[in-house]
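# My questions are about this predicted structure, shown below with the sequence.
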There are 2 protein chains.
Amino acid sequence: MIEHVQELAEIFRLLGDPSRLRVLDQCRGGPRAVGTIATNTGLSPSLVSHHLRLLRAARMVRAERKGREMHYALADAHIDRVLRDLSDHLEEPHDEDTTG
Amino acid sequence: MIEHVQELAEIFRLLGDPSRLRVLDQCRGGPRAVGTIATNTGLSPSLVSHHLRLLRAARMVRAERKGREMHYALADAHIDRVLRDLSDHLEEPHDEDTTG
DNA sequence: CAAATATATGAATAGATATTCATATATTTG
DNA sequence: CAAATATATGAATATCTATTCATATATTTG
């Protein structure tokens, strides 16, 4: 893994913003238009577009034009799996910290 | 997933820094002392400690004292799985972007 | 207790980044 | 082509964050 730290961190950094994470989440159920994502998330179209640009540059989403709309979807299944793994993590019971 | 966006993003944000990711990577093979991690990563003990503090606050690592050393290890297997999923992602062949 | 070693913490700061606003670039339709 | 709709882009900025340096807090040992 050490070999990929830079790229890995880059991807995680992109996942690390709540707004952008919501945008990405919207791309999970198949291609969605920018405007639709904006509406569903309550973010401005401009901001959604900015975020999608970054996600796309990192190959985390794919874009395809449909008429005058741009539709974005997850690039592959790995991201989806990552999201689910961490959701599990959050639901897991955790001990109190007794070491401090 | 939407329910956990805030917490999810928080975890991803912590994974999104190369130095911190290296620190976390060091915690994968069982408990390791701060000084060891500093040596192995080339980061200052102070910086390693700062990063571990954040990782610990997010319950991503656990600490236990061993003599005068503090040993840190991954808190659970989910993080490890996340790291591996994304490593796969990076190794996957990708098409050229034909939509732009 | 004092000295030495290992971590932790706090303040300061240089650099990054999310968001907004204004504007530009497609695409469709008349 | 002009108007309307959907995205994209660039600049500006307020906020955040990684890193460093100085200092404090354990823990062991003499």
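Alright, I've got the coordinates.

# residue contacts, the most centrally placed residue in chain A?
Geometric centre of chain A, nearest residue: A:Leu24, 3.2 Å, by Cα atoms, centre = their mean. Neighbouring residues of A:Leu24 by Cβ atoms under 8 Å, 6 or more residues apart in numbering or on different chains: A:Leu15, A:Leu55, A:Met60, A:Val61, A:Leu74, A:Ile79. (C-beta placed from N, C-alpha, C; glycine too.)

# gap between the residue lying closest to the fifth one once chain neighbours are set aside and chain B?
For A:Leu74, the nearest residue in space outside its immediate sequence neighbours is A:Cys27; the separation is 5.1 Å by Cβ to Cβ, 6 or more residues apart in numbering or on different chains. A:Cys27 sits 12 Å away from chain B, taking Cβ to the nearest Cβ, to the nearest Å as the criterion.

# again with A:Glu91
In terms of Cβ to the nearest Cβ, A:Glu91 sits 8 Å off from chain B.

# do the same with A:Val5
Distance from A:Val5 to chain B, counting by Cβ to the nearest Cβ: 5 Å.

# tell me what whatever helix or strand that residue lives in is packed against?
Using DSSP states H and E, A:Val5 falls within helix A:5-15. In terms of contacts (3 or more Cβ pairs under 8 Å, 6 or more residues apart in numbering or on different chains; DSSP states H and E), helix A:5-15 is packed against helix A:18-26, helix B:5-15, helix B:18-26, helix B:77-91.

# what does the average pLDDT come to for it?
The average pLDDT for helix A:5-15 rounds to 96.

# One more: stretch A:39-53?
Mean predicted confidence for stretch A:39-53 is 98.

# sorry, back to before: since we're on the residue nearest to A:Leu74, how many residues are nearby?
23 (other Cβ atoms under 10 Å in any protein chain shown).

# okay but it is in contact with A:Ala73, surely?
Yes. Using Cβ atoms under 8 Å, A:Cys27 is in contact with A:Ala73, at 5.3 Å.
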